[in-house]
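Novice: I'll drop the sequence and a predicted model, then ask my questions.
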Amino acid sequence: MAVDRVWVVAEAFEGKPLSISLELLTAARGLAGTVEAVAWGGDVASYAPTLGEYGATKVYDVGDVGSGLPGAPVGAAMAGLVQGGNVPTAILFPTTYDGRDVAGRLSARLDRPVLTNVVGLEDAGGLTSEHAIFGGNQVLKAKFSGEPPGIFVIRAKSFAAEPSGGSPPEVESLPVPDLGVSGAATVLQRHVEERTGPKLDEAAVVVSGGRGLGEAAKYEMIEELAKLLKGAPGASRAIVDAGWVPYAYQVGQTGKTVKPTVYLACGISGATQHMVGMKGAKNIIAVNKDQEAPIFSIADLGIVGDVHKVLPKLIEALKAKS
Amino acid sequence: MNVAVCVKQIPDPATPGKLDPSTNTLVREGKLIMDDSDAYGVEMALQLLDKAGGGEVTLISMAPNNETSGLRTALAMGAHKAILVSDEALKGTDALGTAKVLAAAIKRAEPDLIIAATESTDGYTGTTPVQVAELLGLPAITFAKHVEIADGKVKVNRQTEAGYDEVEAPLPVLVTVTAGVVEPRYPSFKGIMAAKGKPVDELKVDDLGIPADQVGPGGSRQEIVSVADAEARKAGEIVVDEGDGHERIIAFLEQLKVI
């Protein structure tokens, strides 16, 4: 089936489209003649021109979902549009907390399958998605065989965002049908944790810590290093599972994909689970006391040594330079 | 209070995975274990039950064979019983098909709360729990890092990009929990012995009234086109720290003009 029209679910935060929204619009532009966006929140009209600049000719505005979580209302609104006969070839979702919720709801409502953790898309006799498997050692390509729309959930940094210079798009209001009890989850209060420095998946430098740090308190070294290098701190799954740092810090298959200029892996052995999330970094530095650690097979600079000795000296040296 | 916990039995993630060359699906032979990600949900359920002063934890699982070793681990932790949908026809079932099976099995447990991991370790599609909620017509709160039950409602601290949201929903509700939020208990010897006698209700797809074309490769309506080796990344310079490791890192960062 030819790729005719593609929708991009364009998530935004505080009145600005997320980077991944612009990445997905750019990707969609390369695949389809017509790109349309779906957005929600009270301020879609204010950032719709940005979506137009990256290729959207129309924006479906679900509007303010109030204090509800977006999954149920946005999924139902989109399903209503499709069931009404407005059927795109594909819908591209971001791999975000809310993006996955909306995709799951839409999938079940329309009875259409999903392809998730997509890292590439091409039109090869129909839309074909790429998936990194086995720690990124292999690339699997898949496609849908059923009725459109194809629901693809795509990982951040899979595409570079490039503006097309498009004009402000038409904004069409998209009504939310009655959700019944499925829309009953209500946000009582939002807590913004003050974080200095760049976001993990947008940082030019990422410093990550793993089990080799020995104890939760030692993660401070990672945070300090990240700060000194104007980067973001990350973590392996092992220390997230152990409760040392929250899930939001996790780099890897079940966490975030990062592609920084420099990735500094400290006390991380390099499980396939981790490597798939960071092997796209331009430069990898690893510090680990085990010479056999798999992380050294992909490191540009590997230091076989104890993080408890190397990192304090590195911190001192960086402080002396700043 | 009754809690249903979705539990996936997976091949040990420590052993390298491989694909069946004829079907390109993941080979799941050998012993299956409980996905580590699910241990947090089981622990969370047990703790909530303690606070509520009683009730039952029912495990919900599906497998193409009648594997129960992973379920026994969760039963040994203290879960009361399990429903295992075990059917050869489930081989090659995708996320939505899985959600249909789990949703139908969950209905039988009549839970006040359904808990799942945010995603499995092996398939990590990450949409199945929300698909289950939609199929059951229930609210869902994903990425919970703290869960409380009071007055017929669940209150959750939900992980967000910026921090967390306090979210509330009436029971019954589906909640997905992130790893690391509670410390899963180790099964005691007594627990392991007790687990052997706990009921595991084995069902077929047909028992749930799900048409055969909704599961398996046919139900998935997707195909694998190809599998190829990714471009390999070469190892660079490996040096043993002789007290100068940090200097090597500084020199490397300077060369990249990062500092």
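Specialist: Great, that's in hand.

Novice: Pull the residues that contact stretch B:34-45.
Specialist: Contact partners of stretch B:34-45, identified using Cβ atoms under 8 Å, 6 or more residues apart in numbering or on different chains, comprise A:241, A:254, B:3, B:5-10, B:13, B:57, B:59, B:70-71, B:73-74, B:77-79, B:113, B:115-122, B:147, B:177-185. C-betas here are computed from N, CA, C, even on glycine.

Novice: Go again with 6 Å.
Specialist: B:3, B:5, B:7-8, B:10, B:57, B:70, B:73-74, B:77, B:79, B:115, B:117, B:120-121, B:147, B:177, B:179, B:181-182, B:184 (Cβ atoms under 6 Å, 6 or more residues apart in numbering or on different chains).

Novice: Look up phi and psi at residue B:78.
Specialist: Recorded main-chain torsions at residue B:78 are phi 140, psi 0, according to degrees, to the nearest 10.

Novice: Could you do residue A:172 as well?
Specialist: Phi and psi for residue A:172, reported as degrees, to the nearest 10, are phi -110, psi 130.

Novice: Which residue is the nearest non-sequential neighbour of it?
Specialist: residue A:60 (5.6 Å; Cβ to Cβ, 6 or more residues apart in numbering or on different chains).

Novice: looking at it, the one you found is touching residue A:37, isn't it?
Specialist: No. Contact status for residue A:60 versus residue A:37: not in contact, 7.1 Å apart, counting by Cβ atoms under 6 Å.

Novice: Among the two, which residue is more densely surrounded?
Specialist: Under the criterion of other Cβ atoms under 10 Å in any protein chain shown, the comparison of residue A:60 against residue A:37 puts residue A:37 first, with 29 against 25.

Novice: Quick check: that one is in a strand.
Specialist: Yes. Counting by DSSP: H, G, I helix; E, B strand; the rest coil, one finds residue A:37 located in a strand.

Novice: isn't it right up against residue A:8?
Specialist: Yes. Between residue A:37 and residue A:8 there is a contact under Cβ under 6 Å: 5.0 Å.

Novice: In which helix or strand does residue A:131 reside?
Specialist: Element membership for residue A:131, per DSSP states H and E: strand A:127-133.

Novice: interface residues of the stretch 151-300 of chain A facing chain B?
Specialist: For the stretch 151-300 of chain A, the contact set with chain B under Cβ under 6 Å from any Cβ of the partner chain comprises A:182, A:184-193, A:240-241, A:243, A:247-248, A:253-254, A:262, A:279, A:285, A:296-298, A:300.

Novice: Any chance of a PyMOL selection covering the buried ones in those residues?
Specialist: Of these, the buried ones go into a single PyMOL selection, burial set by 16 or more other Cβ atoms under 10 Å in any protein chain shown:
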select buried, chain A and resi 182+184+185+186+187+240+241+247+248+253+254+262+279+285+296+297+298+300
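
Novice: ok, and the closest non-adjacent residue to whichever residue of the stretch 1-150 of chain B sits closest to chain A?
Specialist: Here the residue of the stretch 1-150 of chain B nearest chain A is residue B:130; by Cβ to the nearest Cβ that distance is 3.0 Å. Once flanking residues are discounted, residue B:130 sits nearest to residue A:104: 3.0 Å by Cβ to Cβ, 6+ apart.

Novice: surely the one you found meets residue B:132?
Specialist: No. Applying Cβ under 6 Å, one finds residue A:104 not in contact with residue B:132, separated by 8.6 Å.

Novice: how about stretch A:136-152 as CSV, C-alpha atoms only?
Specialist: Taking C-alpha atoms only, stretch A:136-152 is exported to CSV below (Å, rounded to 0.1, in the frame of the first residue of the first chain):
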residue,chain,number,x,y,z
GLY,A,136,21.6,-3.4,18.7
ASN,A,137,23.7,-6.1,17.1
GLN,A,138,20.9,-6.8,14.7
VAL,A,139,18.3,-4.8,12.9
LEU,A,140,14.9,-6.3,12.4
LYS,A,141,12.5,-4.9,9.7
ALA,A,142,8.8,-5.4,10.1
LYS,A,143,5.6,-4.3,8.5
PHE,A,144,1.8,-4.5,9.0
SER,A,145,-0.2,-6.9,6.9
GLY,A,146,-3.7,-5.8,8.0
GLU,A,147,-5.9,-2.7,7.4
PRO,A,148,-4.5,0.8,8.0
PRO,A,149,-3.7,2.8,10.0
GLY,A,150,-0.4,1.3,11.0
ILE,A,151,0.4,2.4,14.5
PHE,A,152,4.2,2.9,15.0
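
Novice: what's in contact with it?
Specialist: Contacts to stretch A:136-152, defined as Cβ under 6 Å, 6+ apart, come from residues A:87-92, A:103, A:107, A:112, A:114-115, A:118, A:126-131, A:133, A:275-276, A:279, B:221-230.

Novice: Contacts only, for residue B:140.
Specialist: Contacts of residue B:140 (Cβ under 6 Å, 6+ apart): B:130, B:133, B:174.

Novice: typo on my end, it should be residue B:79
Specialist: Going by Cβ under 6 Å, 6+ apart, residue B:79 touches B:42, B:57, B:59.

Novice: Just send the residues you listed back as TSV, with pLDDT too.
Specialist: Converted to TSV, the contacts of residue B:79 look like this (pLDDT from 0 to 100):
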residue	pLDDT
B:42	98
B:57	98
B:59	98
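
Novice: pLDDT weak spots in chain A?
Specialist: Within chain A, the ranges that satisfy pLDDT under 70 run A:1.

Novice: which residues in it form helices?
Specialist: Taking DSSP state H, the helices of chain A run over residues A:19-31, A:44-53, A:71-83, A:97-110, A:219-228, A:237-241, A:272-278, A:307-321.

Novice: likewise the stretch 151-259 of chain B?
Specialist: Along the stretch 151-259 of chain B, the stretches classed as helices by DSSP state H, counting those that start in this stretch are B:189-195, B:216-220, B:245-255.

Novice: Go through these and name the closest to residue A:290.
Specialist: Residue A:290 lies closest to helix B:245-255 among those, at 14.4 Å (Cβ to Cβ).

Novice: tell me what that closest one is packed against?
Specialist: The helices and strands touching helix B:245-255, judged by 3 or more Cβ pairs under 6 Å, 6 or more residues apart in numbering or on different chains; DSSP states H and E, are helix A:307-321.

Novice: buried sites along the longest helix seen in chain B?
Specialist: Counting by DSSP H, the longest helix found in chain B is helix B:36-52. By 16+ other Cβ under 10 Å, the buried positions in helix B:36-52 come out as B:36-46, B:48-49.

Novice: How about the contacts made by residue 129?
Specialist: Answering for chain A, as no chain was given. Counting by Cβ under 6 Å, 6+ apart, residue A:129 has contacts A:115, A:118, A:121, A:142, A:152.

Novice: you looked at the wrong chain, it should be chain B
Specialist: Counting by Cβ under 6 Å, 6+ apart, residue B:129 touches B:116, B:176.

Novice: what's the helix or strand for it?
Specialist: helix B:128-136.

Novice: Just the C-alpha atoms of the next helix or strand after that helix, please, in CSV.
Specialist: Downstream of helix B:128-136, the next assigned helix or strand under DSSP H and E is strand B:140-150. C-alpha atoms of strand B:140-150 as CSV (Å, rounded to 0.1, in the frame of the first residue of the first chain):
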residue,chain,number,x,y,z
ALA,B,140,-5.1,3.3,33.8
ILE,B,141,-2.3,5.0,35.5
THR,B,142,1.1,4.1,34.1
PHE,B,143,4.6,4.5,35.4
ALA,B,144,3.7,4.5,39.1
LYS,B,145,6.5,5.1,41.6
HIS,B,146,4.3,5.1,44.6
VAL,B,147,0.8,3.5,45.1
GLU,B,148,-1.7,3.9,47.9
ILE,B,149,-5.3,2.7,48.3
ALA,B,150,-7.9,4.5,50.4
